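J.: Below are the sequence and a predicted model; questions follow.
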Amino acid sequence: MSRDQAIGFLLLIGCILGIVLYGWLVFLSEWFLLALQVTGFIAVAAVLGVLAWIGYTLATTPPPKPIEEIEKELEEELKEIEKEE
């Protein structure tokens with residue numbers, strides 16, 4: 001068994017154990033409400049964290065050049081190439 005396969009097998013077993021543990025916490029334990037609260041908080045925090053990261057990226061990225069400016073640069077480059085020929 002290669003290292004990648006061993007890691008994959010461990011991930012499989014770990015995830016199955018996690019599913020069983022979570023199912024027990026939610027359906028059979030006395031801490032079901034806490035488990036649901038923690039799960040809901042983590043899910044909402046993850047979604048809002050991703051949205052905050054997208055907002056930060058949009059806010060800090062400079063705007064692209066206008067198309068007219070790009071067209072001018074291309075025309076100038078074409079003129080330079082034609083002069084060289």
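T.: Received the coordinates, thanks.

J.: Quick check, central residue of the protein?
T.: Nearest to the geometric centre of the chain sits Val50, at 6.8 Å (C-alpha atoms, centre = their mean).

J.: Which residue ranges of the chain form helices?
T.: 3-27, 32-60, 67-84 (DSSP state H).

J.: And for the first one, what's in contact with it?
T.: Think helix 3-27. With contact meaning C-beta atoms under 8 Å, 6 or more residues apart in numbering, helix 3-27 is reached by 1, 31-32, 35-36, 39. Just so you know, the C-beta spots here come from the backbone N, C-alpha and C atoms, and that holds for glycine as well.

J.: And it, how far out from the chain middle?
T.: Chain-centre distance of helix 3-27: 22 Å, with C-alpha atoms, centre = their mean, to the nearest Å.

J.: what comes up buried for that helix?
T.: Leu25 (16 or more other C-beta atoms under 10 Å).

J.: about what we covered before: would you convert the helices of the chain into a markdown table that also reports mean pLDDT?
T.: Output for these, formatted as a markdown table (pLDDT from 0 to 100):
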| stretch | mean pLDDT |
| --- | --- |
| helix 3-27 | 96 |
| helix 32-60 | 96 |
| helix 67-84 | 84 |
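
J.: ok, back up a step: give the contact list for the residue nearest to the centre of the chain.
T.: Val50 neighbours (C-beta under 8 Å, 6+ apart): none.

J.: returning to what we had before: of the contacts of helix 3-27, which is the most crowded?
T.: Counting neighbours by other C-beta atoms under 10 Å, the top entry in those is Ala35, with 16 neighbours.

J.: Test my guess that that residue contacts Ser29.
T.: Yes - the criterion here is C-beta atoms under 8 Å, and Ala35 meets it with Ser29 at 7.4 Å.

J.: okay, now Ser29: neighbour count?
T.: Ser29, neighbours per other C-beta under 10 Å, totals 13.

J.: which ones are touching it?
T.: By C-beta under 8 Å, 6+ apart, the neighbours of Ser29 are Ala35.

J.: So it versus Leu21, what's the distance?
T.: 10 Å (C-beta to C-beta, to the nearest Å).
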